[in-house]
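> Mind looking at a prediction? Sequence and model below.
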Amino acid sequence: MATIVCVTSCITGIAHTYMAAEALEQAGKKLGHNVMVETQGSAGSNPFKQDVIWLGNQLSYRDCDDLGRCRPTALSRTLGKLPPLPSRRGRCQPTSHS
Amino acid sequence: MNGQITVPSFVVVGTQSKTKDEVVRELGALLVAEGRVSELEGYVDAVRAREEHFPTGIEGGVAIPHAQTPLVSEAAVAVATSESGIDFGADDGPAHLIFLIAAPQSSENLHLEILANLARRIMHEEFRDSLRSETDPARIAEIITQEVTP
């Protein structure tokens, strides 16, 4: 089981932020992975706690692509190693350090 | 918050609209009629600008055109079902279920939390199927209200 830490954000911040979060959480559940999502939308964000930020910084990232346009997220705060990926169909496949 | 985000008068079963501009205008007019949106043209323009950024059709025959603007006085979601489907730019074909989302610019968190809940529910096939199989606007409004209440 991998632990996957995600941040979702979209231009308006009322729909896709939460749709993406739900899709990631459901996919994680289906595949048996532990998925944690920080939504950065208009309904307030639910910032990760410090231990999750620490965990995020232990992860490594590969296979990212950048196809779309989104507003910038505070990824540098949340996940130091994740490049900001304005992405409609970006794929990030984090691998757990453990 | 005065009312539910979706009331029966915000629901069109089997819309005759053929394009996304038509259906956004049709649903937007319902929100104007109930006083949730103060001015149709400005709201439709805001939705169109958002669609131009990238279209809101998603896989599974659903579209979620939306705008957050001061023209919205109270959060609302209007819903249309379409037999023939309306192109909203999704890869897998036209949308048969369209949610037009109106969000006020500044709002108590509760409104936005409800919209966030709706966005999450839309990702569930059972939720989409339950709406698609309904032909009674009152039932559609009821299902949405039940599912999104925090």
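Sure thing, it's come through. Keep in mind it's a predicted model, so treat the numbers as computed, not measured. Numbers count the residues shown, from 1 in each chain, chains lettered A, B, ... in the order given.
> First-to-last residue distance for stretch B:33-41?
Stretch B:33-41 has an end-to-end distance of 13 Å (criterion: C-alpha to C-alpha, to the nearest Å).
> nope, stretch B:7-20 is what I was after
22 Å.
> ok, now stretch B:127-140?
11 Å.
> Please name the nearest non-neighbouring residue to residue 34.
In the absence of a named chain, chain A is used. The shortest distance from A:Asn34 to any residue that is not its chain neighbour, by C-beta to C-beta, 6 or more residues apart in numbering or on different chains, is 4.6 Å, and that residue is A:Thr3. From N, CA and C alone the C-beta is placed, and that goes for glycine too.
> I was after chain B.
Closest to B:Glu34 by C-beta to C-beta, 6+ apart is B:Ser9, at 6.3 Å.
> Settle this for me: the one you found is touching B:Val32, isn't it.
No - contact criterion C-beta atoms under 8 Å: B:Ser9 and B:Val32 do not qualify, at 11.4 Å.
> Just the pLDDT at residue 80, thanks.
Here I'm looking at chain A. pLDDT for A:Gly80: 49.
> Correction: the question concerned chain B.
97.
> right, and it touches B:Phe88 too?
No - counting by C-beta under 8 Å, B:Ala80 stays clear of B:Phe88, with 11.5 Å between them.
> Could you check which of those two is surrounded by more residues?
Neighbours per residue (other C-beta atoms under 10 Å in any protein chain shown) separate B:Ala80 from B:Phe88, with B:Ala80 holding more: 26 against 23.
> give the contact list for B:Ala33.
B:Ser9 (C-beta atoms under 8 Å, 6 or more residues apart in numbering or on different chains).
> Overlap of the contact sets of B:Ala80 and B:Phe88?
In contact with both B:Ala80 and B:Phe88: B:Ile98, using C-beta under 8 Å, 6+ apart.
> Good, wrapping up.
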